[in-house]
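Engineer: turn this into a model:
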Amino acid sequence: MNSESRRRIRTEVWYKFSISSLIALLFSSFSLSCEKDDICVEGDTPLLILRFYDASDTTAVKSVSNVRIVGLGNGEPVDTFTDRSTRDSVALPLRINEGETGFLIIQNSAGDEGAETGNIDTLRFNYTTEEVFISRACGFIANYTDLTENLVTDSENWIQDITIAIPTVDSQLQAHVKVFH
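Structural biologist: Model prediction:
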């Protein structure tokens, strides 16, 4: 074997070794960079669940026709359900940085923007916000405690009564507020 052949063999071996090393390095860096908690699957701040009931039979669920809910100070309908749909329950976001969130809850909503023809009731919720650390990937979520309500009364309230069923909002598995109409 001459020196040229030896040099070519060494170059090929070095080249194959370099490629193999590079692939091994890339694979190990990707496998080490992703840890179990780098993907957030359980980290959402819970929504407030309102369930609508019949005021004359307080155990019977009763849907609200063409319900629209607009956040006070926001001016836009909430986007957690289909606007102007008939619903027996809704999920509403609460403000994290404030201790109060208000909503215009509109029954039989119709009309163009700015010309609402439905029956509007104003409902405010007061609460205490508690931050809860979930994981490094998810960070913090907010839970709400000491939930109270305040229905603004007027001559045409369609909401007749409200009961706080669960004063702590830390899950979306049950209704927190019962609205009777």
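Engineer: if I look at Cys40, how far off is Thr117?
Structural biologist: 42 Å (C-beta to C-beta, to the nearest Å). Every C-beta, even on glycine, is put in place using the N, C-alpha and C of the backbone.
Engineer: surely Pro93 and Asn74 touch.
Structural biologist: No. With contacts counted by C-beta atoms under 8 Å, Pro93 stays clear of Asn74, the gap being 9.9 Å.
Engineer: this protein: helices as residue ranges?
Structural biologist: In the chain, the helices defined using DSSP state H lie at 3-33.
Engineer: what are the ranges of the strands in it?
Structural biologist: Using DSSP state E, the strands assigned to the chain run over residues 48-53, 64-71, 85-87, 89-92, 100-107, 119-135, 139-152, 161-164, 177-180.
Engineer: which one of those lies nearest to Asp170?
Structural biologist: Closest approach to Asp170 among the strands of the chain is made by strand 139-152 (4.2 Å; C-beta to C-beta).
Engineer: which elements pack onto the closest one?
Structural biologist: Identification of packing neighbours for strand 139-152 by 3 or more C-beta pairs under 8 Å, 6 or more residues apart in numbering; DSSP states H and E yields strand 119-135, strand 161-164.
Engineer: which of the residues in it are buried?
Structural biologist: Using 16 or more other C-beta atoms under 10 Å as the test for burial, strand 139-152 gives 141-144, 147, 149, 151.
Engineer: re earlier: present the strands of the chain as TSV; the columns should include distance to Asp79 and mean pLDDT.
Structural biologist: TSV is the format used below for these (distance: least, C-beta to C-beta, whole Å; pLDDT from 0 to 100):
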stretch	distance to Asp79	mean pLDDT
strand 48-53	15	98
strand 64-71	10	97
strand 85-87	12	97
strand 89-92	11	98
strand 100-107	13	97
strand 119-135	18	95
strand 139-152	18	96
strand 161-164	23	97
strand 177-180	19	98
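Engineer: Val78: which of those strands is closest?
Structural biologist: Of those, nearest to Val78 by C-beta to C-beta is strand 64-71, at 5.0 Å.
Engineer: and the closest residue to Gln160 other than its chain neighbours, what is it in contact with?
Structural biologist: Closest residue to Gln160 apart from its sequence neighbours, by C-beta to C-beta, 6 or more residues apart in numbering: Ala55 at 4.4 Å. Ala55 makes contact with 160-161, 180-181, according to C-beta atoms under 8 Å, 6 or more residues apart in numbering.
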